[in-house]
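Asker: just to be clear, the model below is a prediction. Sequence and coordinates:
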Amino acid sequence: MEAGHSPFMSNIRVLVAKPGLDGHDRGAKVIARALRDAGMEVVYTGLRQTPEMIVHAALQEDVQVIGLSILSGAHMAIVPRVLRLLRENGMDDVAVVVGGIIPDVDAAELKKQGCAGVFQPGAALEEITGFVRSVARAR
């Protein structure tokens with residue numbers, strides 16, 4: 001049994017992915033560990049994932065939440081594509097949460113398009129884990 005996992009907790013499954021060409025994954029790994037330590041099952045896909053790879057993995061792993069870590073500035077291309085692919089695959093119930101260097105105006109637009117939440121640098125781990133838990137339970 002994984003550390004932090006209790007058989008009495010509801011199994012919240014989260015996919016954490018690093019889309020695009022950004023090679024910096026320390027933050028994504030910190031988030032993945034925090035989610036796991038909060039009792040969630042976490043699948044980390046690794047670096048340089050395409051939106052198609054991410055959605056395919058989310059389908060295979062039966063996750064409730066996808067967490068995308070994007071530092072490259074490509075969030076306005078990647079996130080809408082992931083959201084569209086989820087809809088096309090009948091996975092409207094999977095929440096997408098994004099973290100990274102995302103300007104406020106872009107964060108607002110991503111939320112309009114269906115992104116459940118956007119976390120910028122400095123967000124507290126407790127805030128992120130609490131948000132992911134609430135979004136997963138609402139789905």
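Answerer: All right, it came through fine.
Asker: quick one: residues contacting Val43.
Answerer: Going by Cβ atoms under 8 Å, 6 or more residues apart in numbering, Val43 touches Arg13, Val14, Leu15, Val16, Ala57, Glu61, Val63. For the C-beta atoms, the positions are set from N, CA and C on the backbone; glycine is no exception.
Asker: got the buried residues for whichever strand or helix holds Val105?
Answerer: Using DSSP states H and E, Val105 maps to helix 104-112. Residues of helix 104-112 classed as buried: Asp106, Ala107, Glu109, Leu110 (neighbour count, 16 or more other Cβ atoms under 10 Å).
Asker: C-terminal to that helix, what's the next element?
Answerer: strand 117-119.
Asker: I'd like the average pLDDT over that next one.
Answerer: Computed over strand 117-119, the mean pLDDT rounds to 98.
Asker: same for that strand, what does it pack against?
Answerer: If you count contacts as 3 or more Cβ pairs under 8 Å, 6 or more residues apart in numbering; DSSP states H and E, strand 117-119 packs onto strand 95-100, helix 104-112, helix 125-138.
Asker: using CSV, write out every CA atom in the second one.
Answerer: Backbone C-alpha positions of helix 104-112 (Å, rounded to 0.1, in the frame of the first residue of the first chain) are rendered in CSV as follows:
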residue,chain,number,x,y,z
ASP,A,104,-4.4,36.3,-15.0
VAL,A,105,-6.1,37.1,-18.3
ASP,A,106,-5.2,33.7,-19.7
ALA,A,107,-6.3,32.0,-16.5
ALA,A,108,-9.7,33.6,-16.8
GLU,A,109,-10.0,32.5,-20.5
LEU,A,110,-9.0,28.9,-19.6
LYS,A,111,-11.7,28.8,-16.9
LYS,A,112,-14.3,30.1,-19.4
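Asker: related to what we said a few turns ago, what's the most distant pair in the buried residues of helix 104-112?
Answerer: Across the buried residues of helix 104-112, no pair lies farther apart than Ala107 and Glu109, at 7.4 Å, counting by Cβ to Cβ.
Asker: before we move on, back to that, among the contacts of Val43, which one lies nearest to Gly73?
Answerer: Closest to Gly73, out of all of the contacts of Val43 and judged by Cβ to Cβ, is Val16, at 19.5 Å.
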